[in-house]
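Participant: below is the sequence, then the predicted model.
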Amino acid sequence: MRYDLIIIGAGSSGLMIADQLNNTNLKVLLLEGSKRIGTKLLMTGNGRCNVLSSDSPSELEKAIHNGRFLRTAYHKYDLHNFFKKHKLPLKQENRRLYPASEKARDVVECFRIHNVHLQKKQKVSDLIFENNKIVGVKTDNQEFYGKNIVVCAGGKSYPQSGSDGSMHKILKKYGVKFTNIYPSEVALKYPDFVGLSGLSLNKVKMFNKKRNFIGSILFTHKGISGPVAISMGEFVARGEGDTFLDFLPDYTEEQLFDCLWEDKNYLKDKFPKRFYSHIMQYFPTTNPNKKEIRKFITNKIKRYQFNNVMTFPIEYAFTTAGGVSLKEISPKNCEHKRIKNLYFAGEILDLHGEIGGYNLMIAWYTGMIVADAIKDKFNIPEGD
């Protein structure tokens, strides 16, 4: 059988494309290399799956690296309405929306793909070209032919989810250009706090010269995790400069100085016991003068500098930053400008966002863009 579209990867973007083409009478093949669909989707948000952000289009554009690429999609597609039509009730926590059930499986199961040919355990090993035109894909034991191919194979992070970067090598072989790849949504390796493993702080600020994040951190046996550290991980990987922690962002240095000058034990009630003992080892002993106390406040409380901090390898990151260069991709249809009939969606593109549902929104939007492009190619009205 020759398919109208072959989708490589049954992750978030692949499921969206399959869903949008499910009732079009097109012959669509969905290939998944692992034994189940939506593997990474099931892991998102600790199994709760933060499907959307409530940000405005302008806010989304700022929160997503290369967000301008999706500018038209922000206004064209109503993701809230999509999930409403698919009978997935959502609930909002701050700016994040989760399934009301708090079960990622309900997100996977809401996609309607019953008319699509789904084949699991079919890992793509190569592309098939004839007369310089892409015509199909090879797996380890089979060949599949299609008029159009869309790559939704993810990045290089979390290889156990199926996105092991193998499609990167295949695509590069045929001249598809990639930007630099680095980890995003990744914890930090840093030795200074290993004795505090298992301890969390609820409100700290982590910052560099360009950006800052406020929230909780978790000390681990190898470094620092938690939302704030994971948000900053990408920028550590990119080498954006020195990184600092502010353990008491609600206080100015002058306010802290006044409190500590009056009461040397003032911080005792501000931190968990283990952290207080750790940080106070740097406090000047005997009769500290004003200069020594100010230095302690600056260097150990308000601007604690991470010297030689690193991220964990990309295999431990939840998201891949970087991917197929957007210079080669049309924002109108996500088709490769040189290799016609080859499309891309999701994490394999040089698009990624902060924590908060943005990366899934990239998958949903790019999936919808590709689905509409295929409908347009076969003269199927977009509403069908």
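Facilitator: Structure's in. What do you need?

Participant: which residues sit against stretch 224-235?
Facilitator: 182-188, 190, 193, 200, 204-206, 208, 210-211, 213-218, 223, 243, 311-312, 317-318, 321, 352, 354-355 (CB atoms under 8 Å, 6 or more residues apart in numbering). In short, each C-beta sits where N, CA and C put it, glycine included.

Participant: filter the residues you listed to the buried ones?
Facilitator: Among the contacts of stretch 224-235, the ones that count as buried by 16 or more other CB atoms under 10 Å are 182-188, 190, 193, 204-206, 208, 213, 215, 217-218, 223, 243, 311-312, 317-318, 321, 352, 354-355.

Participant: out of those residues, which are inside strands?
Facilitator: Secondary structure defined by DSSP state E assigns 182-184, 188, 204-206, 213, 215, 217-218, 223, 243, 311, 321, 352 of the buried ones among the contacts of stretch 224-235 to strands.

Participant: of the residues you listed, closest to Lys268?
Facilitator: Nearest to Lys268 out of those is Val204 (CB to CB; 17.6 Å).

Participant: quick one, what contacts the closest one?
Facilitator: 214-217, 228, 245-247, 249.

Participant: relative to Ser163, which of those residues is nearest.
Facilitator: In terms of CB to CB, no member of those lies closer to Ser163 than Val228, at 25.0 Å.

Participant: and the closest one, that's in a strand?
Facilitator: No. Assessed with DSSP: H, G, I helix; E, B strand; the rest coil, Val228 is helix; it does not lie in a strand.

Participant: any idea how far it is from Val204?
Facilitator: Separation of Val228 from Val204 (CB to CB, to the nearest Å): 6 Å.

Participant: what of Tyr365?
Facilitator: As judged by CB to CB, Tyr365 and Val204 stand 32 Å apart.

Participant: now swap in Leu79 and tell me
Facilitator: Note on Leu79: its distance to Val204, by CB to CB, is 32 Å.

Participant: helices along the chain, start to end?
Facilitator: Taking DSSP state H, the helices of the chain run over residues 12-20, 39-43, 57-63, 71-76, 79-85, 104-110, 166-173, 227-237, 253-262, 273-279, 290-296, 358-377.

Participant: now do the third one: distance to the chain's middle.
Facilitator: Going by CA atoms, centre = their mean, to the nearest Å, the spacing between the C-alpha centre of helix 57-63 and its chain's C-alpha centre is 15 Å.

Participant: the longest one too?
Facilitator: When distances are taken as CA atoms, centre = their mean, helix 358-377 is centred 17 Å away from the chain's centroid.

Participant: repeat for the first one
Facilitator: If you compare the mean C-alpha spot of helix 12-20 with that of the full chain, they lie 18 Å apart, counting by CA atoms, centre = their mean.

Participant: mind listing what's buried in the helix or strand of the chain with the lowest mean pLDDT?
Facilitator: Ranked by mean pLDDT, DSSP states H and E, the weakest helix or strand in the chain is helix 39-43, scoring a mean of 89. For helix 39-43, the neighbour count (16+ other CB under 10 Å) marks 39-42 as buried.

Participant: same check on stretch 60-79?
Facilitator: For stretch 60-79, burial by neighbour count (16+ other CB under 10 Å) applies to 60-61, 63-67, 69-70, 73-74, 77, 79.

Participant: ok, stretch 160-179 next?
Facilitator: Judged by neighbour count using 16+ other CB under 10 Å, the buried positions of stretch 160-179 are 161-168, 170-171, 176, 178.

Participant: got the end-to-end distance for it?
Facilitator: End-to-end distance for stretch 160-179: 23 Å, by CA to CA, to the nearest Å.

Participant: repeat for stretch 71-84
Facilitator: Its first and final residues considered, stretch 71-84 spans 23 Å by CA to CA.

Participant: what does it rub up against?
Facilitator: Under the criterion CB under 8 Å, 6+ apart, residues 51-52, 57, 60-61, 90, 97, 110, 331-332, 361, 364-366, 368-369 lie in contact with stretch 71-84.
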